[in-house]
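In: Sequence first, then the predicted structure, then my questions.
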Amino acid sequence: MGKEKISQKEINKIIHLRQLGHSLPEIKNVVNRGSATIFRYAKNVEILPQYLNLWKINQGGSKKRSLIAWKNAQKRAEQIINDLGITEKIIIAACLYWGEGTKRDFNLLNSDPNLIKTFVTCLKEIGVTKEELRVTVRIYEDLDRGQAIRYWAQIIGIPSNRILNVNILKGKKRGKLQYGMCRVRVTKGGNYLKLLQSVAKVITEKLDNLPL
């Protein structure tokens, strides 16, 4: 059964604690309700002037805890991943394509430069050369065409004149698409695509056979 409907007394408690400058996690611990519920009733509550300093301190504490958590995560990731060999890179390429690539033609479109760079780097392990890549940039009409071309050419490691096609979308830049999106296509990539799709299939089969 789900939790009982929140009472007016609990709502008043959330509002009061927020007015006193308590953080959302602190209120959650006191009221024992979900984060979404706490946020719903606390989001528009103004902190009382005499408690603003406490609220700012709590904010600073949250940022500090977040930084510590990120440092710990980075340290653990470095311990987990000592080195990336050929097998690991092929698996990375297969998984990236599995999640972001198209099913028929061998091409992948994304706005994340780290993803694009990682994908192109890992493709080398299955024999794909940069000469086999055809790169297209997709941008909104208010973005600088030349700047976007230079940016993605640098990310991939090819001359700017290798990017011949730029698709212009109507409208203005949305979100974080400062340089638009980049499509990487492998020419005559049928066999490469079959290999990556087969790697993804083998991964699935091996995971299915693992004991729970």
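Out: Cool, got the structure.

In: C-alpha from now on. contacts and neighbour counts both.
Out: OK.

In: Next, the closest residue to residue 129 other than its chain neighbours: secondary structure please.
Out: For residue 129, ignoring the flanking residues on the chain, the nearest one in space by C-alpha to C-alpha, 6 or more residues apart in numbering is residue 123 at 7.8 Å. Under DSSP: H, G, I helix; E, B strand; the rest coil, the three-state class of residue 123 is helix.

In: Let me know the distance separating residue 14 from residue 57.
Out: Using C-alpha to C-alpha, to the nearest Å, residue 14 is found at 19 Å from residue 57.

In: just residue 111 next, same as before
Out: For residue 111, the distance to residue 57 - C-alpha to C-alpha - is 36 Å.

In: repeat for residue 23
Out: Distance, residue 23 to residue 57, by C-alpha to C-alpha: 10 Å.

In: quick one: which of these two has more around it?
Out: Neighbour count, other C-alpha atoms under 10 Å: between residue 23 and residue 57, residue 23 has more, with 19 against 14.

In: Got the confidence number for that one?
Out: With respect to pLDDT, residue 23 has a value of 84.

In: Over to residue 124?
Out: pLDDT for residue 124: 96.

In: Which SSE is immediately downstream of the longest strand along the chain?
Out: When the chain is parsed with DSSP state E, its longest strand is strand 133-140. Later in the chain than strand 133-140, the nearest helix or strand by DSSP states H and E is helix 145-156.
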